[in-house]
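**Q** Below: sequence and its predicted model.
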Amino acid sequence: NSRLQHYPLTLFVQTPIAEIRAAWCRNMHAPYFLMALLLACTFAYYSLKLRRRRAWSEAQRRAELQRRYEEALHERSRNEIFMFASDTLQFSYANDAALDNLGCSLAQLLSKNILSLQPELAIETLGALIEPLRRGEQEAVKYQTVQVREDGSRYPVDVSLQLIAAEDGGEIFLAIVNDISALKQAEENIRKFNAPVERRAARGS
């Protein structure tokens with residue numbers, strides 16, 4: 001209410017509280033709504049960014065742990081381990097056990113391919129072996145052949161071959177090679193030991 005000067009009258013003006021609230025809402029609704037929307041968007045953006053950063057860090061940590069584990073496994077393995085390209089068959093990696101047994105350096109090996117290391121393995125035979133790997137029908141194939149050292153000496157090996165994902169997104173072959181010279185020698189000794197018995201049995205029949 002307000003009193004009029006110089007007049008002995010008092011004027012009362014009454015506005016319903018509902019109308020005051022409605023007017024306030026009309027005037028303030030849009031700014032508050034925009035402010036709330038801006039805060040919500042900002043919060044959602046930073047939450048998403050934080051989740052992505054955490055996910056990326058976790059993936060990077062796992063990848064690094066996997067890389068270190070594989071390196072340790074390859075270097076400490078008693079088996080010879082090789083990696084070579086799926087198209088050119090050119091070597092890209094060999095562990096210490098492989099280099100020691102072959103008597104060559106990694107630089108020397110990188111100039112070769114799997115066929116030059118295993119000359120008794122024809123390209124047609126290798127192609128037939130790796131075809132199930134390329135088609136995804138088998139996870140690994142095994143075969144026996146002979147490997148050639150840098151000095152020209154040869155030794156029998158048992159090979160487990162796999163097709164795995166490469167760091168660049170392509171595919172490479174992983175060969176785990178076991179020197180079976182001792183096994184072949186034992187088999188030869190048994191054959192020689194049994195030979196006289198088999199000859200006597202043949203004469204007796």
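**A** Arrived safely, thanks for sending.

**Q** Specify the beta-bridge partners of Thr145.
**A** Beta-bridge partners for Thr145, by DSSP bridges, are Val157.

**Q** what about the strands in the protein?
**A** For the chain, the strands defined by DSSP state E cover 2-3, 10-11, 80-85, 91-94, 140-148, 154-165, 171-179.

**Q** for the fifth one, what is the average pLDDT?
**A** Confidence over strand 140-148 (mean pLDDT, whole number) is 96.

**Q** C-alpha coordinates for that strand, CSV please?
**A** The C-alpha trace of strand 140-148 is given here as CSV (Å, rounded to 0.1, in the frame of the first residue of the first chain):
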residue,chain,number,x,y,z
ALA,A,140,48.3,-73.1,-35.4
VAL,A,141,49.9,-75.6,-37.7
LYS,A,142,52.8,-77.9,-37.0
TYR,A,143,55.4,-79.5,-39.2
GLN,A,144,59.0,-80.9,-39.1
THR,A,145,61.8,-79.8,-41.4
VAL,A,146,65.5,-78.9,-41.4
GLN,A,147,67.1,-75.5,-40.6
VAL,A,148,70.4,-74.3,-41.9
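
**Q** Show me what that strand is packed up against.
**A** helix 114-117, helix 123-134, strand 154-165 (3 or more CB pairs under 8 Å, 6 or more residues apart in numbering; DSSP states H and E). Glycine gets a C-beta too; all of them are placed from N, C-alpha and C.

**Q** Taking helix 123-134 as reference, get the angle to that strand.
**A** 150 degrees (axes from the mean of the first three to the mean of the last three CA atoms, to 10 degrees).

**Q** Contacts for strand 140-148, please.
**A** Residues external to strand 140-148 that are found in contact with it (CB atoms under 8 Å, 6 or more residues apart in numbering): 102, 116-121, 129-130, 132-133, 154-162, 177, 180.

**Q** Any idea which of the strands of the chain gets closest to Met35?
**A** Evaluated over those, closeness to Met35 peaks at strand 2-3, with 35.0 Å, by CB to CB.

**Q** Test my guess that Tyr155 contacts Asp179.
**A** Yes. Counting by CB atoms under 8 Å, Tyr155 touches Asp179, with 5.8 Å between them.

**Q** quick one on the thing from earlier: a markdown table for the strands of the chain, including mean neighbour count?
**A** Output for those, formatted as a markdown table (neighbours: other CB atoms under 10 Å):
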| stretch | mean neighbour count |
| --- | --- |
| strand 2-3 | 8 |
| strand 10-11 | 9 |
| strand 80-85 | 20 |
| strand 91-94 | 20 |
| strand 140-148 | 15 |
| strand 154-165 | 16 |
| strand 171-179 | 18 |
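
**Q** I'd like the ones you listed laid out as CSV, including distance to Leu50.
**A** Shown next, in CSV, are the strands of the chain (distance: least, CB to CB, whole Å):
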stretch, distance to Leu50
strand 2-3, 57
strand 10-11, 60
strand 80-85, 38
strand 91-94, 38
strand 140-148, 41
strand 154-165, 29
strand 171-179, 35
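
**Q** right, and those - which one's nearest Leu37?
**A** strand 2-3 (40.2 Å).
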